[in-house]
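Participant: What would the 3D arrangement of this be:
(2 chains)
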Amino acid sequence: GENVEQHPSTLSVQEGDSAVIKCTYSDSASNYFPWYKQELGKRPQLIIDIRSNVGEKKDQRIAVTLNKTAKHFSLHITETQPEDSAVYFCAASRGGANNLFFGTGTRLTVIP
Amino acid sequence: GAVVSQHPSWVICKSGTSVKIECRSLDFQATTMFWYRQFPKQSLMLMATSNEGSKATYEQGVEKDKFLINHASLTLSTLTVTSAHPEDSSFYICSARPPGISGELFFGEGSRLTVL
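Facilitator: Model prediction:
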């Protein structure tokens, strides 16, 4: 099955700085890569996703890049704000109705 | 976005009893739902894929007799933790993907199970 690794496990940044979280995956057939944000005690919520036919996608302060050859993808958050503090999970799947395999999570803390 | 609801949000039970958790898709029909387990400060581990009208598909290492899954309708899947023990204490969370919205998975609120 798919194996998704995520780094770092914890990340602290000053408000206004950028944060980068990296993930690698093992299944070359995976073609859908979402990122979820989970606040304490709440459900994970999708913040951005990318498919294998695209190398980069941006949505305001959030961007994701994908390197299919190297089988890694990254989340970039610019101009971080305290409300960005949460646990972020990357995931991978073969798309369609298939299930998601999640990375181990990154606890991001934005220091005001 | 689509809404997935879980019940109960938390439950405490005695060791040896069984606990049922419900997962409902409120505004869409879901032929497939996914059950995840999350330990404190850890990732979401896929337990099984629930298929409407047929048997669930379990991930390696998940005991199907321990975690019974029933997907009797297009809007309801249930997870029953049978003969629960303290090591079954965890956060159980379901998810579903609405038809036509390719990719995005919507999660329920999660159910925190504590087995005494």
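Participant: number of nearby residues for whatever residue of chain B ends up closest to chain A?
Facilitator: The minimum distance from chain B to chain A, using Cβ to the nearest Cβ, falls at B:F107 (4.1 Å). All C-beta atoms are positioned from the backbone trio N, CA, C, and that covers glycine. Counted with other Cβ atoms under 10 Å in any protein chain shown, the neighbours of B:F107 add up to 22.
Participant: residue contacts, the closest residue to chain B within chain A?
Facilitator: In chain A, the residue that lies nearest chain B is A:R43 (4.1 Å; Cβ to the nearest Cβ). Counting by Cβ atoms under 8 Å, 6 or more residues apart in numbering or on different chains, A:R43 makes contact with B:93, B:107-110.
Participant: which of those residues count as buried?
Facilitator: Among those, the ones that count as buried by 16 or more other Cβ atoms under 10 Å in any protein chain shown are B:93, B:107-110.
Participant: From what I see, the residue of chain B closest to chain A and B:R97 are in contact.
Facilitator: No: if you go by Cβ atoms under 8 Å, B:F107 and B:R97 don't touch, sitting 10.6 Å apart.
Participant: who's in contact with residue 99?
Facilitator: Went with chain A since none was named. So A:N99 contacts A:93, B:34, B:46, B:49 (Cβ under 8 Å, 6+ apart).
Participant: meant chain B, my bad for not saying
Facilitator: The contact partners of B:P99, by Cβ under 8 Å, 6+ apart, come to B:28-29, B:31.
Participant: switch to 7 Å and redo it
Facilitator: B:P99 sits next to B:F28 when contact means Cβ atoms under 7 Å, 6 or more residues apart in numbering or on different chains.
Participant: With B:P98 instead?
Facilitator: B:2, B:28.
Participant: cutoff 8 Å now
Facilitator: With contact set as Cβ under 8 Å, 6+ apart, B:P98 has these partners: B:2, B:25, B:28, B:30, B:104, B:106.
Participant: Could you do A:S52 as well?
Facilitator: A:30-33, A:66, A:68.
Participant: which residue ranges form the strands in the chain?
Facilitator: Just so you know, I chose chain A. Under the criterion DSSP state E, strands of chain A are mapped to A:4-7, A:10-14, A:19-25, A:32-38, A:45-51, A:56-59, A:62-67, A:72-77, A:86-92, A:101-102, A:106-111.
Participant: To clarify, I was referring to chain B.
Facilitator: According to DSSP E, the strands that chain B contains are B:4-7, B:10-13, B:19-25, B:32-38, B:44-51, B:57-58, B:67-73, B:76-81, B:90-96, B:106-107, B:111-115.
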